[in-house]
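K.L.:
fold the following, please.
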Amino acid sequence: MSNSTGFKLDQLVGLARAKHLVRRLAIQDRGIHAILLYGARGTGKTELAKLITELWLCNSISEEGADGICKACLSFGRGNNPDALDLVPLGKSGIITVKSITNDKPLDDDPPVPLLKFFRTPPVYSRHKVAIIHEAHRMNHAASNALLKTLEEPHPHAKLILTTYSVSSLPDTILSRCLAVACESPDEKALLQAFPLATPDEIRLSEGTPGRMKTLTESRDLYSNLLKFARSLPTRNRGEALVVAEEFAEIADAFKARSGSNARAAQAEALDALATFYAREPGIPPRWTHLIIEAHRRILGNGGPNIVFDALFTSMLITL
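P.N.:
Here you go, the predicted structure:
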């Protein structure tokens, strides 16, 4: 393991067992060709997957650059290593379809390259070819079935990393063919040591995960506005429901501007934060959290945001 990789690993908060695995892989991977990293959102799965990718790409004994880092590691750090592939959910539905796994059309070379096509050829200059499937639970049935071919009969040079925060949604046929590694949240003491200036509200909204805490502390004004809105809502009357819906839509637009994500993802993120706050706020009707979760589901299911927000806040204010 290079000093750079070791430093990055040490910077991750918590993840004791997962870090131990990475250090073992740096010595010997013992024929492991597929790893599943699972845990709550924000625990560091993506960062860990990148570190494992770098380890598997690295030619530690072969050609090195002037600074002592191999060509594979240098290009991965720049984001242009041809032997590394990222597959993410695409489209409004956020699904990983079979086209991301296999596509035999001879003229279809548009990125991203399908997984099976990527693995078909040996690495260009890395030790292995490595692919990460982010949010693997979003693979549809056809994609999961297509992936089994790689898991059951892997190429000698092929390494696969899957991440998920919903491990129960993955089929047993996938789970049984991967080394499953739990990415646990750190205890509160470790979290506060990493984020000593975190406020009580940020600790609550982070749900104990360093990834979410980092987002919260880097966007304090944005979440402060959301919490101000949330705390004012119990004082509003049902006749203001449509006005409240417009106010929340503006907050969701601010989430979009901050993250650069699409509008639907930003709306879902704002709803998720609102539900997290109310679930732990004394005196809030329990039904409110359920209504927000249902609105979150409808937004992700391509529901119209204006209709969803109007219905949500009308239903919430009626229960007061």
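K.L.:
use CA for all of it now, contacts and neighbours both
P.N.:
Noted.
K.L.:
did I read that right, V243 in a helix?
P.N.:
Yes: secondary structure assignment places V243 in a helix (DSSP: H, G, I helix; E, B strand; the rest coil).
K.L.:
just the pLDDT for it.
P.N.:
Per-residue pLDDT puts V243 at 96.
K.L.:
and I61, by the same measure?
P.N.:
I61 is given a pLDDT of 47.
K.L.:
next one: C73
P.N.:
87.
K.L.:
quick check: closest non-adjacent residue to it.
P.N.:
C58 (5.7 Å; C-alpha to C-alpha, 6 or more residues apart in numbering).
K.L.:
isn't the one you found up against C70?
P.N.:
Yes: C58 sits in contact with C70 when judged by C-alpha atoms under 8 Å, with a separation of 6.7 Å.
K.L.:
circling back to that earlier point, how close does the residue nearest to C73 sit to K129?
P.N.:
From C58 over to K129 the distance is 10 Å, taken as C-alpha to C-alpha, to the nearest Å.
K.L.:
who has more neighbours, the two?
P.N.:
Neighbours per residue, other C-alpha atoms under 10 Å: of C58 and K129, the larger number sits with K129, 27 against 24.
K.L.:
got a list of what the more buried one touches?
P.N.:
W56, L57, D83, A84, F119, P122, P123, H157, A158, K159 (C-alpha atoms under 8 Å, 6 or more residues apart in numbering).
K.L.:
just P305 next, same as before
P.N.:
Q267, I299.
K.L.:
swap the cut-off to 7 Å and go again
P.N.:
The contact partners of P305, taken as C-alpha atoms under 7 Å, 6 or more residues apart in numbering, are I299.
K.L.:
likewise V98?
P.N.:
Contacts of V98 (C-alpha under 7 Å, 6+ apart): A142, A143, A146.
K.L.:
the residue nearest to C73 against K71, yeah?
P.N.:
No: C58 is beyond contact range of K71, at 8.2 Å (criterion: C-alpha atoms under 7 Å).
K.L.:
give me the buried subset of the contacts of V98.
P.N.:
A143, A146 (16 or more other C-alpha atoms under 10 Å).
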